[in-house]
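S.K.: pasting the structure only:
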């Protein structure tokens, strides 16, 4: 499979969508940002765009646009809790480096 998601991430996305009360799934994409060049973007999706690819993983729809897919192929989306901190973690085999603060990466 081109992308994967841990059970913890799938549970968290399902919870977000249930609280929102609508939505087709979650978009995983990229934007130009930070000192390394690219940053991950997560947002709700209500309608698909023409260049979107839809992946259903553990009952959760993940949507990736064609431009982002080149850099996200093979990625694993995880959700971690460490003490009071929690958030999504991106395990991307294409990332060659990250900035010091972890906000952005380079390929």
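M.R.: Arrived safely, thanks for sending. Everything numeric here is computed off the predicted structure, so don't read it as measured data.
S.K.: Can you tell me the centre-most residue of the protein?
M.R.: Centroid check for the chain by C-alpha atoms, centre = their mean gives residue 28 as the closest residue, at 3.7 Å.
S.K.: Determine the set of other helices and strands touching the helix or strand where that one lies.
M.R.: Take DSSP states H and E as the rule and residue 28 turns out to sit in strand 25-33. In terms of contacts (3 or more C-beta pairs under 8 Å, 6 or more residues apart in numbering; DSSP states H and E), strand 25-33 is packed against helix 7-20, strand 37-45, strand 60-65, helix 66-72. (Each C-beta comes from the backbone N, C-alpha and C, glycine too.)
S.K.: quick one: contacts of the last one?
M.R.: Okay, so that is helix 66-72. Applying C-beta atoms under 8 Å, 6 or more residues apart in numbering, the external contacts of helix 66-72 come out as 2-3, 28-30, 38, 51-53, 64, 92, 94, 107.
S.K.: so which of the helices and strands packed on strand 25-33 comes closest to residue 79?
M.R.: Relative to residue 79, the nearest member of these by C-beta to C-beta is helix 7-20, separated by 4.2 Å.
S.K.: now the farthest one out in this structure, which residue is it?
M.R.: No residue in the chain has its C-alpha farther from the mean C-alpha position than residue 83, which lies at 22.3 Å (C-alpha atoms, centre = their mean).
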